[in-house]
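K.L.:
sequence and predicted structure are below.
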Amino acid sequence: MPEKINQQLIDNISQILKRSLAADATLADLRSKDKAKFKTIFAKDAGFNCSADTFQPYVEEVADDLISWQGTQDKQLLIALVKKIEQLFKVLANFEQTNSITVH
């Protein structure tokens, strides 16, 4: 297994996990104030299999994809995984900026 790629994927997913926990807490707060009424984080055509109104299910999906890729080393699976990670980083960054979230 290309160890550098594997480690980079693990590091990225770890960052996304930390950031998603803060974002999901903010979403819960916004919903309690009736300010977050959307049904899903990503559109159906975004490449994710899950559909959720919090980030956690999407993080679980990329973690599952990582485990699958570790077992197969399939190039197409790697490409799809990297695209999902990029989308999560982008949406989390936009959400954090909009809602003034700081993750330590």
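P.N.:
That came through, no problem. Residues are numbered from 1 along each chain as shown.
K.L.:
check what pLDDT the residue of the chain positioned farthest from its centre gets.
P.N.:
Distance to the chain centre peaks in the chain at Lys33, reaching 24.2 Å (criterion: CA atoms, centre = their mean). What the model reports for Lys33 is a pLDDT of 91.
K.L.:
backbone phi and psi for it, please?
P.N.:
Main-chain torsions, Lys33, degrees, to the nearest 10: phi -100, psi 10.
K.L.:
next one: Ile79
P.N.:
According to degrees, to the nearest 10, Ile79 has phi -60, psi -50.
K.L.:
what about it, how many neighbours?
P.N.:
Using other CB atoms under 10 Å as the criterion, Ile79 is surrounded by 11 other residues. Using the backbone N, CA and C atoms, a C-beta is placed for each residue, glycine as well.
K.L.:
equivalent analysis for Leu81, please.
P.N.:
Around Leu81 there are 23 residues (other CB under 10 Å).
K.L.:
next, work out how far apart it and Thr98 are.
P.N.:
Look at Leu81 and Thr98: by CB to CB, to the nearest Å, they are 26 Å apart.
K.L.:
name the helices or strands packed onto the longest helix along the chain?
P.N.:
For the chain, the helix with the greatest residue count under DSSP state H is helix 3-32. Helices and strands touching helix 3-32, by 3 or more CB pairs under 8 Å, 6 or more residues apart in numbering; DSSP states H and E, are helix 56-72, helix 75-99.
K.L.:
next, the angle from it to helix 56-72.
P.N.:
170 degrees (axes from the mean of the first three to the mean of the last three CA atoms, to 10 degrees).
K.L.:
check the offset of helix 3-32 from the chain's centre.
P.N.:
Computed by CA atoms, centre = their mean, to the nearest Å, the chain-centroid distance of helix 3-32 equals 6 Å.
K.L.:
what comes up buried for that helix?
P.N.:
Leu9, Asn12, Ile13, Ile16, Leu17, Arg19, Ser20, Ala22, Ala23, Asp24, Thr26, Leu27 (16 or more other CB atoms under 10 Å).
K.L.:
hang on, the earlier thing: just send the helices and strands packed on helix 3-32 back as CSV, with distance to Phe48 and mean pLDDT too.
P.N.:
What follows is the helices and strands packed on helix 3-32, written out as CSV (distance: least, CB to CB, whole Å; pLDDT from 0 to 100):
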stretch, distance to Phe48, mean pLDDT
helix 56-72, 6, 97
helix 75-99, 6, 96
